[in-house]
Every structure is written in C-alpha cells, then in structure tokens.
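*Asks:* sequence unavailable; structure follows:
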C-alpha cells in the first residue's frame, strides 16, 4: 500500500535516533516535509544531514526543543508557522524511561518523567492543534507503550508506566474534543523495540528469554514496524479512526 504524504508538513519529537528517527524517515520516504524536535542536538544534526543527503527534494529542519518547557514548545511552533505556514501531522514520540521500582522511585524521578512524557505530549498537542484547527484539520499520533496498558513483566517501570497510561487517556479526550476541528488523534503503543537504548538489556540471555515468553510472535520489533503503524494512522487509509490505541507489540497485550 502506497501512502502519499506529498505537501504534508510533519513534526516528529524525539527524532534524533531510534523509533523517532525511523518515523521521520518513513514520512520523508512518502514525500513529506519534516521537522525534527529534540534535545539531543549533535545526534539530531547528524540525522538531519543524513536525511538531506538521501531526500534531496524534501524540506527537513531541526529545532532544539525541550518539550517539558512551555516557552521552548511555543518557540518551536512559532518557527513552524513562519517556515511552513501549516502543520498536518504531529507525532509525539519524545519521552524518557527511568527504571525504578515503587519504593525506589523518588519524587524527582516521578516529576521528571511526568514532565517530559505526559506534560510534553500535552504541550506539543496543544500547539499543534492550534495550527491545525485553523487549516482544516490534521492528525496527532501519541507514542505510548505496552506499559500504559499492562505491567511490564518484572515491574520497575513505575513513573514511566503511569505516564504512558496517561497518554492513552489524554488521547481519548483529545479525540473527542478535537473531532469538531477535523483533527484525528490516535495512539501507537509499541512493545519491546530493538534500538540502541534497549539493545544493552537484551544482550542478557536470561532477560531476553523472559521477554520472549511474553511475545506470541517470538521476536522483538524494529523501529520501522512502529513507523509504518504511525504513518498509516495519519493517512487517508485511516480516515475513520480516532481515539484508538494500536498496539505494535507482537501480541504481548493479548494475555
């Protein structure tokens, strides 16, 4: 299935590496212009240069943004309005994972995780929706996780899991309130994805075996599989889908 994203303007947060980078690349492959927002300046700049060498016809820009800071988010959307005049798609991918059990979770861990993962998603969504509602609509995809639906097999994802569950509920509320403006809002919730960040823990064969017992398909996802789901949900092929959570988890959440 070919999804045409020509003339679309897409913002992907946290796109310097990993899943976000794969999402940005997929949109570029489909012809979109892409804004990458991230705090990882050096990695983001390398990603942009890499993309520019491949996608010479696409407009690609990077804007350093801490999505937990309101003034930085506002500056990001000011730049988008100035450079593009519109925004068709927002992918709220940026997030952090602090591994901590309930008793070991500090107030600082809790606040930092909620500030980036949940508040950051809210702030970016609000900025995007303000532009979209004045331009005939648009699409927002929020990246949650299986942790937002079930407890990861060994726990220890306390603030992360709560923040990702909050993203799912925020999405449902946004889907209802923004429908009048022709803005669709959905969630993609990945399972365990093979990235540079997750790769270290998966080198432990015992840990990997425990994870595999939870996955009916018996394999980890790759970032491109998540990217495909995201792009689909923002395409005309998904025009009657809003407020839903699409699990890209190899079947983890079935049981």
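*Replies:* Thanks, I have the structure now. Model, not experiment: these values are computed from the prediction.
*Asks:* now the helices for the stretch 1-150 of the chain?
*Replies:* Per DSSP state H, counting those that start in this stretch, the stretch 1-150 of the chain carries helices over the ranges 18-29, 41-54, 70-83, 107-113, 120-132.
*Asks:* after the helix or strand bottoming out on mean pLDDT in the chain, heading C-terminal, what element do we hit next?
*Replies:* Sorted by mean pLDDT, DSSP states H and E, the helices and strands of the chain end with helix 196-202, the least confident at a mean of 60. Using DSSP states H and E, the helix or strand that follows helix 196-202 in sequence is helix 205-213.
*Asks:* got the contact list for the helix or strand following that following helix?
*Replies:* The C-terminal neighbour of helix 205-213 among helices and strands, as given by DSSP H and E, is helix 223-233. Here helix 223-233 makes contact (CB atoms under 8 Å, 6 or more residues apart in numbering) with 3, 5, 18-19, 21-23, 25-27, 30, 91, 139, 141, 143, 184, 186, 188, 190, 193-195, 238, 241, 246, 248. (C-beta placed from N, C-alpha, C; glycine too.)
*Asks:* just the buried residues from these, in ChimeraX please.
*Replies:* Applying 16 or more other CB atoms under 10 Å to the contacts of helix 223-233, the buried members can be selected in ChimeraX as follows:
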select :3,5,18,19,21,22,23,25,26,27,30,91,139,141,143,184,186,188,190,193,195,238,241,246,248
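*Asks:* and the average pLDDT for stretch 59-67 is what?
*Replies:* Across stretch 59-67, the average pLDDT comes to 97.
*Asks:* now that stretch, how far from the chain's geometric center?
*Replies:* 14 Å (CA atoms, centre = their mean, to the nearest Å).
*Asks:* from here on, count from 851
*Replies:* All right, first residue 851 from here; so that's stretch 909-917.
*Asks:* give the buried residues for it.
*Replies:* Under 16+ other CB under 10 Å, the buried positions of stretch 909-917 are 910-913, 915-917.
*Asks:* also stretch 1016-1023?
*Replies:* In terms of neighbour count (16+ other CB under 10 Å), stretch 1016-1023 has its buried residues at 1016-1018, 1020-1022.
*Asks:* picking that back up, looking at the helices of the stretch 851-1000 of the chain, which is closest to residue 1062?
*Replies:* Closest approach to residue 1062 among the helices of the stretch 851-1000 of the chain (CB to CB): helix 868-879, 20.1 Å.
*Asks:* what's the mean pLDDT across the closest one?
*Replies:* Across helix 868-879, the average pLDDT comes to 98.
*Asks:* any idea how far stretch 962-977 is from the chain center?
*Replies:* 11 Å.
*Asks:* may I see the buried residues of that stretch?
*Replies:* Neighbour-count burial for stretch 962-977, counted by 16+ other CB under 10 Å, picks out 963-975, 977.
*Asks:* how about these in a markdown table, adding distance to residue 1072 and pLDDT?
*Replies:* Shown next, in a markdown table, are the buried residues of stretch 962-977 (distance: CB to CB, whole Å; pLDDT from 0 to 100):
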| residue | distance to residue 1072 | pLDDT |
| --- | --- | --- |
| 963 | 25 | 98 |
| 964 | 29 | 98 |
| 965 | 29 | 98 |
| 966 | 24 | 98 |
| 967 | 22 | 98 |
| 968 | 26 | 98 |
| 969 | 29 | 98 |
| 970 | 25 | 98 |
| 971 | 24 | 98 |
| 972 | 29 | 98 |
| 973 | 29 | 98 |
| 974 | 25 | 98 |
| 975 | 27 | 98 |
| 977 | 30 | 98 |
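*Asks:* out of the residues you listed, who's nearest residue 1068?
*Replies:* Using CB to CB, residue 967 comes nearest to residue 1068 of the buried residues of stretch 962-977, at 28.9 Å.
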